[in-house]
Structures are given as C-alpha cells and as structure tokens.
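Q: predicted model, plus sequence, below.
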Amino acid sequence: MKQHLNILKWIFKGEKSQLSNHATDYAYVEGLEKKSISIIREAKAQFKNPAVLWSTGKDSTTTIWLCKKAFFGVIPFPVIHIDTGCKFPEIYEFRDKLAKEWDLNLSLIHISEPTRPY
C-alpha cells in the first residue's frame, strides 16, 4: 500500500491539487479509489458496449489500472488506443508491453494522416 502512495505522490508532485494536501492520508486515497471503482462498475452495468480510451499517459494508464482492479484483473471491455503515428518509439513499446502483461483487449485505431497541433 505504501508503494501506491509513493506512486501517487510522484504523479502529483508540484501540483496544487486537493490530493497533494492529503497524499499521506491513506484513508483518503483509498476512498477515492473505492469511488472510482464503483463508478467504473456502474458504467459497465448501465451501458451496452463500454470501452476505455488509453493514450498511454499517466491519467489514462491509472484509469486502466482501476478498471483492472474493478473487475478482479480482467477488463471486460475493449481498451482503445488512437495511434496518431507521432509518438516516440518508447511509448509504443510501453503500450505493447503493458497490453501484454495486463492481458488487455487492445483495439488500435491508426490515423492514416498524422494530425498537426496547428
């Protein structure tokens, strides 16, 4: 459990968020986790074909981890990654490694022409 708190502290370091004020309060973090898991389970129960988007960033990777926890290690819906073709090779390696380790039902959507932010 201490490892999870250290990960959260690292993720939110330097941010002026509500979590940074309570990062050492395990009960607070555990409560947030329980609420998140409850919301994920309710969404699965309410919607016919749910899916989760995964950018491979810290927030969406945490969401994937919470989905795994909500369904006892197996996410019962697709994990979608929209591939713009503009990421570093290490990010694709990370995505593929985690998808294999976590046994994700990964759906890749490739955008044929990379988008530009301008």
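A: That came in fine, so what should we check first? Numbering: from 1, shown residues only.
Q: skipping adjacent residues, who's closest to T56 in space?
A: R95 (4.9 Å; Cβ to Cβ, 6 or more residues apart in numbering). Quick note: C-beta positions are derived from backbone N, CA and C, even for glycine.
Q: so who does that neighbour touch?
A: 54, 56, 81, 106 (Cβ atoms under 8 Å, 6 or more residues apart in numbering).
Q: could you redo the last one with a cut-off of 10 Å?
A: Contacts for R95 (Cβ atoms under 10 Å, 6 or more residues apart in numbering) come out as 54-56, 61, 79, 81, 83, 87, 104, 106, 108.
Q: repeat for P76
A: Residues near P76 by Cβ under 10 Å, 6+ apart: 44, 50, 67, 70, 105.
Q: what's the burial count for the fourth one?
A: This means A70. 20 (other Cβ atoms under 10 Å).
Q: doesn't K44 make contact with it?
A: Yes - applying Cβ atoms under 10 Å, one finds A70 in contact with K44, separated by 7.8 Å.
Q: can you show me the helices along this structure?
A: 2-11, 18-22, 26-46, 58-70, 89-101 (DSSP state H).
Q: just for this protein, where's the confidence low?
A: 1-24, 113-118 (pLDDT under 70).
Q: before we move on, the earlier item: what's the most buried one of the helices of the chain?
A: Ranked by mean neighbour count under mean count of other Cβ atoms under 10 Å, those are led by helix 58-70, which reaches a mean of 17.
Q: show me what that one is packed up against.
A: helix 2-11, helix 26-46, strand 52-53, strand 79-83, helix 89-101 (3 or more Cβ pairs under 10 Å, 6 or more residues apart in numbering; DSSP states H and E).
Q: mind running it again at 6 Å?
A: Packing partners of helix 58-70 (3 or more Cβ pairs under 6 Å, 6 or more residues apart in numbering; DSSP states H and E): helix 26-46.
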